[in-house]
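Chemist: I would like to see how this sequence folds:
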Amino acid sequence: MARHLPEASMAVRIVRLGSPRLPGEGTRLGTVRRPPRGVRKEDFSTRDYYDAWLPTLAPQPETLKLALHGTGPRDWATFVRRYRAEMAGGEGRHVLDALAALSHTADFSVGCYCEDESRCHRSILRELLAERGASIA
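Modeler: Residues are numbered from 1 along each chain as shown. A predicted model of the protein is given here:
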């Protein structure tokens, strides 16, 4: 009699680039505008930054300034609104749709350098992927 094995659960993880990788994390995608400073390109993966660079999902420079230099809830709300608008059209929308679909068949992660996810675009990426039905670890 054949045994029924449970289906493997695949998912996308939202991570801080440069943090130690988790078991089963899969390919790590860097959703940042710039590569890590002072790190040779050959070392990005081995130093737990990213395996592939996906700047399409990074906020535009002017939008990013709101998150990095904002002083209060109003600046953060403006950042969120602008970043969501950037991701609502064009390439960002298509990449998010593709990643949401892939999250059901592959393990991978997306991330940014920011220490505090709650004040980082990756918190919005988490929401955008969830809104598209992504499987999120």
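
Chemist: Return the residues in contact with residue 67.
Modeler: Counting by Cβ atoms under 8 Å, 6 or more residues apart in numbering, residue 67 touches 59, 75, 76, 79, 83, 119, 120, 121. No exception for glycine: its C-beta is placed from N, CA and C like everyone else's.

Chemist: Chain neighbours aside, what residue packs nearest to the third one?
Modeler: The spatial neighbour of residue 76 that comes closest, neighbours along the chain excluded (Cβ to Cβ, 6 or more residues apart in numbering), is residue 70 at 5.7 Å.

Chemist: The fifth one now?
Modeler: Across the structure, with Cβ to Cβ, 6+ apart as the measure, the residue nearest residue 83 apart from its sequence neighbours is residue 59 (4.9 Å).

Chemist: show me what contacts the one you found?
Modeler: Here residue 59 is in contact with 33, 67, 79, 82, 83, 86, 121 (criterion: Cβ under 8 Å, 6+ apart).

Chemist: Which pLDDT value goes with it?
Modeler: Looking at residue 59, its pLDDT is 97.
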